[in-house]
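Asker: task: produce atomic coordinates for the following.
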Amino acid sequence: MSEKNESKRIGAKQHKNSGRGIKKGDATWKNFTVDFKENKKSFTLNQDVWAKATTDAIKNNNDPAIVVVLGEGNRKTRLAIIELDLLDSLIDEV
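Answerer: Take a look at the predicted model:
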């Protein structure tokens, strides 16, 4: 249920069955395939987690992004993880 709320919050199109079908990843937002990760206190990022996000994005012909939601209730911190080269190119466009 929370993936649905987070998708709606950023205006992303949610994928059926959280990406277990044809469209991989949890949602598509702009040119990103998004994987949502939620936890009350922490999230562990490692090469395997990033590799899955990247593989899913490649299958969708998009860039990978992981949206991390930490906290609960009204006290949530939302972060986006993208490749540094992509961030650099986005900053250059401004």
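
Asker: how close does Asn31 sit to Glu38?
Answerer: Distance from Asn31 to Glu38, counting by CB to CB, to the nearest Å: 23 Å. Yep, even glycine has a C-beta here, placed from its N, CA and C like the rest.

Asker: ok, now Lys52?
Answerer: Lys52 sits 16 Å away from Glu38, taking CB to CB as the criterion.

Asker: just Lys30 next, same as before
Answerer: Applying CB to CB to Lys30 and Glu38 gives a distance of 21 Å.

Asker: give me the more crowded residue out of those two.
Answerer: Neighbour count, other CB atoms under 10 Å: between Lys30 and Glu38, Glu38 has more, with 16 against 11.

Asker: okay, buried residues for the top helix by length along the chain please.
Answerer: Secondary structure assigned by DSSP state H gives helix 47-59 as the longest helix of the chain. By 16 or more other CB atoms under 10 Å, the buried positions in helix 47-59 come out as Lys52, Ala53, Thr54, Asp56, Ala57.
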